[in-house]
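[1] no FASTA, just this:
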């Protein structure tokens, strides 16, 4: 579900390995946005060098790279913008913890986007961001999914703050968009947990248990990304190199609030899932108890009766000539034997029923 | 029970969405209090602009808005008092964590009121507050419930400190009123838990378990609001912009004490509920054990007896002419067979009873 | 067991409500100690104003009020010594967390005394203290119990430090006396837990479980007072207004040590009680297992035997005229049938016993 | 196992109570070491005043007192070296948390030695230390055990650092010797836990469980001494009164490392013991399950067969004169009845065996 | 699996004890690397004194010692480079917590390498490092395993940063190589846990449980090394003696990131293993429940039927002369008795099946 980096021990640091799809290099999709309050250029770029002409002016330049198939693109970007090789390595070694790293002239931000794939499974995708004074470069792990469409629409429309503000606000907008994607995933999970909860009260089953276990694992994994996401928001809020302006920090406080809410939700869900597991365990105990009660009541009532019936099915029939021996099952030869035995059985049964009623087992 | 904000990822920040009731905008109820030590004006306001005339003097002006149905009211307030759009968004996006945010010229305080609805369920309602130098604006989520009646009565009566103090004291009084509403809810919960505890000792049942699970969830959710409420009290106590005066901070310390007591109660209740769940699990174990003991004792006593009875119910009756074969169940033909078998059975039964007494199963 | 404050939401702060006994105001018992190294005045006071004549000199003046029935006493004290109404409210709203509050000219200290009542139950009583430069006022919740007798005896005897030192040392002595009362309560609890532990190893029973649950609750509640008690000791040790002199701080360090030891004990006991609960659950599991083993062994041995006996109790007796059909239970008509069947039964029984021995179920 | 102080509430602080053995005062064994790099005096002292002649010079003077039976010795030492009565009280009130306390002119150090007694039980003994500029006084609780023999041997031999360094190094050496005694105790415990682990995998038994519970308690109690021991090492390392020289602090870092290792071990063992308890609980569940499976398979196979046998043991034999009624158990009178019934029984048995094989219960 | 130091209490500090293999001293393998950007000398050294000629120049000199069999080598190194005896002791007392210690002129770094041995068990090996201004000495515990081959290859190839940088970078490269060895071990463990998870869902067995317990123990032990490894990275990053240059600190940040990722993985795995244990416990509960259900249904259906059959197997046959008494089992003599009894049995069976269907036990 979530990728973890596969490390070759002893490898030189900053080794760049492309992500292959079926063993083949897939050239990423590169888009460029360049805008200020009045002008907007948006184009798709085949060759990364084509984008290097801009970045000299007061505009905001945003390069978005969709896919990690081509190492050259990153290498050239690294040379052009003086990006540190370790940062570039982290872009490729996906599964990084969300973090903010300060480098000379830019910030390197790693975030994890969470989304539901077609099978309604929770998936994660690493989004890396380089935030400079007048440029912003984003690299997304998966070419198919895209977290930034709403932000693009807001840029195009020109409404709101986004066109009036600088790179740092765009970085905030992108980060906020990533973090807000957690909410629908969590709502989905919350609804699923509530479903389980209702089912469980009515009819606990093994599949409930497995689903709960599955949700628990998902929450454990989401937690690994949510806690550091809060740290990302905090360090951007307290960033002091001037790359993040004071007016953007007010918005980052909002973003921080969201990460805290997400953490709260994740922790609450964990509590609820743990509670449900406990509830389930108790429910099984209750059900076993109930089953045992039925078994015990049935057995305890009939076992003595069956014994009595067996007793009088014995064939003791000693006769000395024609003289019946009085010791040999005289009950069988008494005229009221059968009725009395039946009566005794009924009394025993009633006695036991009363006993079990008294014990509240019936 | 508690609302959680529903977020559209990628939405521009500070988008204001009204709360609709059955799909319709409901105009909120707006009340204005303006008072100093000697004068008091209290009026209901239909049009929010009508209130803008005041706020120039040394009086305390308090606008209370009941309901989130009309975005325009908030927007106009925002323009008049220079309220930040992100704060206004948080007013509408209910389910926020309690918090204090510092803006130029005012504090934005979010608190969560907890109350019992008619079905005795614990419900939450967000109360937002803007505390300026000479004004205070409060916005309540639910038009029906009202947390502030007692405070209004104190203002009207003119007794106590409230009319002698400024806006910050009013903010304290409102916050204190919100926090004090936690106590009856918790007392109610505590009584319910104690009820369950008593029932459980006498007669553990499945419905106890489900109630306990329910209380646990309620406590998990209350916790989400109680911890940050303490932070709200702390940050107001250590507020240094001058919006909160030193003489009010003494009262906030009292308010802080209350939040800590509430936290203590919530945590204690959680401990108790967890303990009860454990107790319940053990109780079921004990009951199953007891049931099994009865079953085992009954079965173990009667199974061998029934076997013996079955043995002498067998029809082995080989006769060569009239000569009885001595090997074919001679017991059946012995004059004391029946009595001896009965005796053996009684001995076996007594032996087992003694064995089970020794094992303390009887 | 422990009182919790009952709050009326929205009530004005610092509302003083007397504690009524059977609905009636009970006048508290007031005692005054005034002493220095050479002189000592000790008297019981009916009217609180009688005490106001002192407090001008270099002596230590200690007013102790036993019982919260009379609000007037507190109000007059408040006026005379300029005590803050919020502090007075806290004196009456018992169930406060232990705390130290700094007010102009005095410290307000709340502590919780723990004692065993006549039914050997753990009870708590709030003790409030106002420590000024030359006066100390203590207010105890319960008129019956008294924590301070030993301190009074030490004052009267004039031995030790107490008469040579000032108010702050008296405050330490009183606090230390309160905290040392935790030790016998905890020792009592520890002994009870050890009793349970021994019983449980020999004969686990439902009442053990309920006692353990009870102790756990008591410990949860004691914890609520012990942790803040440590903070009280710490803040008095680091008090910097001069109300607590350096020579007293050495003693407070000792007092702090005691609170830490109490915390250690409470936490250890919690660990032990949790361990015992777990042990109990396992014990029940083992016992059920043992019972099941007996049932299974008995059933498994006799069920096949009973079946065989039943088999030869069947009445298949087809005869064509006088010719016995060879297929109709020829065993019954074989001369060695009975012996062979008995032998088979014995073999089956031995086989099963060996099987169960192998499985270590016997 | 570990002593806890028994406190009389309200007692004056610094009351010295001797430890009595069978109600009698036992005079402690007192030894004096006085050494520098070239000279060494070692003598046993009957009267503590005899030792007061030294302590004026540049030598290291070490008084060791073995046993707490004589309060006078401590009182005289206290007067001679100006030791604070509260510190002396702590020497006698054993069961103190390990701690370092700063007094004018000396440090008061409390440590807990852990050792195995003859019954291989873990025991604790308080060791108190007064570290002055040119003297060191150690007081040991138990006269029989002695932690310091190795240190004495090192002093006598004159090898290593010990004779070249001052009092602070001796204090380190003693403390290190105390802390290193934890390792064999923990190794012993670790070996015992491993034994239990192996036994449990093969044959879980009730005694395993009780041993585990015992080890858990021991670990809970050791923890109470290990955590503060680390604090002792830290505060000596960061001691700034000059009583601990910089060259000794390097060694204290080593000592600190040991306390951290001990903590690590204790916590790991706690984890392992908890894991084993859980494993045990699961094992019992599995065994019960296995037993139930056997019972169920046996019962399910034979119960229907026994029923069929019982069916044909019924005595329905209605005859109208000599005419057999065809409805009255015609099977009994069919020539192949017996064989068919046996066949049906075999089929039922095979069917059930297949069913249970399918369920993986066989 | 992981060695723990065996301490002799009271031993003088800094006692050096060689590691013996089968009781014999094994001379370690010593290799020397001396390089700068252009030159490279690599040689194996028999006698440690041969290496002392270098270390005067601007080159990086790296001595690697493989094996702890020869104390003399360490002693001579200690004299030559002025290494503190306590550090040398820690080199030999393996099982140290990872740590960084500052000594005059060099840093002493302890790290733990984790690897899988041939039996796929997780093993640990202590690697000690002395980092001076122009030298680096590494000591590895196990002669067979070697963590540094990749680093050597990078030095020989001359590519990348390693030949251009100084000792501190080499120390980073070695540390990074050690830490990166955790990843394959953890991946291996993760795969094993996933295997167990899949098996468990299909067919829970006792061996799963034991494996899980084993993994849990391994994770508990790895944790003991991972947490301090993070501290090692942090203290090197914030090292201020100038031994670690600023340009290396960027790389150490990467190394720190890896330790945090490893911690995250270890903690996640612990969560998952705990979850699986819980799941297992519940699974057994479910299976027992299922088995009991079958037993109860079978028993409950057949027990009454068998009783009825037994009833009519009784031999009540009282005859007064030839007159049959109507009370003696008239059913047996009714022409439809058998059919009716069979019918009643079928009805009872159907009734019970319906009852169990209603209870959802079938």
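    Cool, the structure landed. Only a predicted model underlies this, so the values are computations on that prediction, with no experimental measurement involved.
[2] when you work out contacts or count neighbours from here on, use the C-alpha atoms and nothing else.
    OK.
[3] tell me which element residue A:250 is part of?
    Here residue A:250, judged by DSSP states H and E, is contained in helix A:246-311.
[4] try residue A:101
    strand A:99-103.
[5] and that strand, which strands flank it?
    strand A:106-116 (antiparallel) (DSSP bridges).
[6] does stretch A:168-176 reach chain B?
    Yes: using CA under 8 Å from any CA of the partner chain, we find that stretch A:168-176 touches chain B at A:173, A:176.
[7] now the angle from the strand holding residue A:101 to helix E:246-311?
    For strand A:99-103 against helix E:246-311, the angle by axes from the mean of the first three to the mean of the last three CA atoms, to 10 degrees is 170 degrees.
[8] my guess is residue A:338 contacts residue E:329. True?
    Yes: taking contacts as CA atoms under 8 Å, residue A:338 lies within contact range of residue E:329: 6.5 Å.
[9] quickly list what's touching both of the two.
    residue E:316 (CA atoms under 8 Å, 6 or more residues apart in numbering or on different chains).
[10] give me the residue from chain A nearest chain B.
    Nearest residue of chain A to chain B, counting by CA to the nearest CA: residue A:314, 4.0 Å away.
[11] am I right that that residue is in a helix?
    No: according to DSSP: H, G, I helix; E, B strand; the rest coil, residue A:314 belongs to no helix; its state is coil.
[12] please see if the host helix or strand of residue A:342 touches chain E.
    Here residue A:342, judged by DSSP H and E, is contained in helix A:337-358. Yes: if you take CA under 8 Å from any CA as the test, helix A:337-358 does meet chain E, through A:337, A:338, A:339.
[13] pull out the buried residues from these.
    A:337, A:338 (16 or more other CA atoms under 10 Å in any protein chain shown).
[14] including pLDDT and distance to residue C:249, could the residues of helix A:337-358 next to chain E go into CSV?
    Below are the residues of helix A:337-358 next to chain E laid out as CSV (pLDDT from 0 to 100; distance: CA to CA, whole Å):
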residue, pLDDT, distance to residue C:249
A:337, 83, 94
A:338, 86, 93
A:339, 87, 92
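[15] where exactly do the strands run in the stretch 51-200 of chain A?
    For the stretch 51-200 of chain A, the strands defined by DSSP state E, counting those that start in this stretch occupy A:60-66, A:99-103, A:106-116, A:122-132, A:135-140.
[16] quick check: buried residues in the third one?
    Same thing as strand A:106-116. Buried residues in strand A:106-116 (16+ other CA under 10 Å): A:106, A:107, A:108, A:109, A:110, A:111, A:112, A:113, A:114, A:115.
[17] show me what the last one is bridged to.
    So the one you mean is residue A:115. What pairs with residue A:115, by the bridge criterion (DSSP bridges), is residue A:123.
[18] the fourth one now?
    Here residue A:109 sits in beta bridges with residue A:100, residue A:129, going by DSSP bridges.
[19] interface residues of the stretch 51-200 of chain A facing chain B?
    Near chain B, when you scan the stretch 51-200 of chain A using CA under 8 Å from any CA, you find A:147-151, A:154, A:160, A:173, A:176-181, A:183-184.
[20] ok, and which of the residues of helix A:337-358 next to chain E reach chain D?
    Answer for these near chain D: none qualify (CA under 8 Å from any CA).
[21] is any residue of the helix or strand that residue A:225 is a member of near chain D?
    Assessed by DSSP H and E, residue A:225 sits inside helix A:206-237. No: Helix A:206-237 does not reach chain D (CA under 8 Å from any CA); its nearest approach is 15.4 Å.
[22] quick one on the thing from earlier: any buried residues in the helix holding residue A:342, and which?
    Buried residues in helix A:337-358 (16+ other CA under 10 Å): A:337, A:338, A:341, A:345, A:348, A:349, A:352, A:353, A:356.
[23] next one: stretch A:155-169
    For stretch A:155-169, by 16+ other CA under 10 Å, it's A:155, A:156, A:158, A:162, A:163, A:165, A:166, A:167, A:168, A:169.
[24] near chain B at all, stretch A:258-278?
    Yes: applying CA under 8 Å from any CA, one finds stretch A:258-278 in contact with chain B at A:261, A:264, A:268, A:271, A:272, A:275.
[25] farthest pair in those?
    A:261 and A:275 (20.7 Å; CA to CA).
[26] from the buried residues of stretch A:155-169, which land in helices?
    When DSSP state H defines the helices, the subset of the buried residues of stretch A:155-169 inside them is A:155, A:156, A:167, A:168, A:169.
[27] now the buried residues of stretch A:155-169 in TSV, with pLDDT?
    Output for the buried residues of stretch A:155-169, formatted as TSV (pLDDT from 0 to 100):
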residue	pLDDT
A:155	92
A:156	92
A:158	86
A:162	90
A:163	91
A:165	91
A:166	90
A:167	92
A:168	93
A:169	94
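[28] can those residues go into a markdown table with extra columns for distance to residue D:22?
    Formatted as a markdown table, the buried residues of stretch A:155-169 follow (distance: CA to CA, whole Å):
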| residue | distance to residue D:22 |
| --- | --- |
| A:155 | 90 |
| A:156 | 93 |
| A:158 | 93 |
| A:162 | 86 |
| A:163 | 89 |
| A:165 | 86 |
| A:166 | 85 |
| A:167 | 83 |
| A:168 | 80 |
| A:169 | 80 |
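[29] could you identify the most distant pair in these?
    Farthest pair in the buried residues of stretch A:155-169, by CA to CA: A:156 and A:168, 17.7 Å.
[30] thought residue A:328 was touching residue B:342?
    No: taking contacts as CA under 8 Å, residue A:328 lies outside contact range of residue B:342: 10.8 Å.
[31] that older thread, just give me how far the helix holding residue A:342 sits from the chain centre.
    Centroid separation between helix A:337-358 and its chain, computed with CA atoms, centre = their mean, to the nearest Å, is 58 Å.
[32] can you put the ones in helices among the buried residues of stretch A:155-169 in JSON lines and add distance to residue E:142?
    Output for those, formatted as JSON lines (distance: CA to CA, whole Å):
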{"residue": "A:155", "distance to residue E:142": "61"}
{"residue": "A:156", "distance to residue E:142": "63"}
{"residue": "A:167", "distance to residue E:142": "53"}
{"residue": "A:168", "distance to residue E:142": "52"}
{"residue": "A:169", "distance to residue E:142": "54"}
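[33] okay if I get these as TSV plus distance to chain C?
    Shown next, in TSV, are those (distance: CA to the nearest CA, whole Å):
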residue	distance to chain C
A:155	49
A:156	51
A:167	48
A:168	44
A:169	43
